[in-house]
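**Q** From the sequence below, what's the structure:
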Amino acid sequence: MTVVACAVGLLGADGRWIRFAPTPEERYALLIGTDGGSSARASATSDELVALAIAYFAEELPEPSEALAATHGDIAALIRHVAGEAEEMEHARYLAEAVDAIDDGLAADVVVGRLSRCLSSAEEPEAFLRRRAAELLGRA
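**A** Okay, here's the model as predicted:
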């Protein structure tokens with residue numbers, strides 16, 4: 001079975017997409033790549049996955065083509081996974097509230113607000129993802 005990576009947005013003029021994909025270990029990977037494939041890959045942290053969800057709803061990054069794009073359902077599954085892995089009760093509650101907002105189809109700004117409470121970093125999600133991509137590509 002081939003697992004297709006879901007793209008959230010374009011990172012720059014060089015055509016690199018930031019993506020996520022489930023792994024055989026029932027985790028998620030963070031991928032940076034072009035239309036032709038992955039250039040860099042790492043096991044994704046919960047902050048990276050939440051930042052990807054925020055980027056999806058905030059629409060701050062140029063959108064990928066429909067063939068590459070993550071769907072609302074992909075993002076909901078991603079956040080459900082993070083919620084299932086949460087160890088702290090308060091963090092798990094915030095993630096559950098974010099999942100509810102996604103499932104209920106609440107406005108994007110409401111979803112972004114709920115997801116933002118789930119981050120442990122004060123860094124803006126888009127800046128965080130760009131920095132992380134540069135680290136993975138060895139440009140940091």
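**Q** tell me which element residue 29 falls in.
**A** Using DSSP states H and E, residue 29 sits in strand 28-34.
**Q** Show me the contact partners of stretch 71-88.
**A** Applying CB atoms under 8 Å, 6 or more residues apart in numbering, the external contacts of stretch 71-88 come out as 6, 20, 28, 46, 49-50, 52-53, 56-57, 70, 92, 95-96, 98-99, 102-103, 115, 118. Heads up, the C-betas are built off the backbone N, CA and C, glycines and all.
**Q** Show me what counts as buried in that stretch.
**A** 74, 75, 76, 77, 78, 79, 80, 81, 82, 83, 86 (16 or more other CB atoms under 10 Å).
**Q** Output it as CSV, nothing but the C-alphas.
**A** In CSV, the C-alpha atoms belonging to stretch 71-88 read as follows (Å, rounded to 0.1, in the frame of the first residue of the first chain):
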residue,chain,number,x,y,z
THR,A,71,-8.4,17.7,3.1
HIS,A,72,-10.5,18.8,6.1
GLY,A,73,-10.7,15.1,7.0
ASP,A,74,-6.9,14.7,6.8
ILE,A,75,-6.4,17.5,9.2
ALA,A,76,-9.1,16.3,11.6
ALA,A,77,-7.4,12.8,11.7
LEU,A,78,-4.1,14.5,12.3
ILE,A,79,-5.4,16.4,15.3
ARG,A,80,-7.2,13.4,16.6
HIS,A,81,-3.9,11.5,16.5
VAL,A,82,-2.2,14.3,18.5
ALA,A,83,-5.0,14.3,21.0
GLY,A,84,-4.7,10.6,21.4
GLU,A,85,-1.0,10.9,22.2
ALA,A,86,-1.4,13.8,24.7
GLU,A,87,0.0,13.0,28.1
GLU,A,88,-1.1,16.1,30.0
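**Q** Thanks again, I'm all set now.
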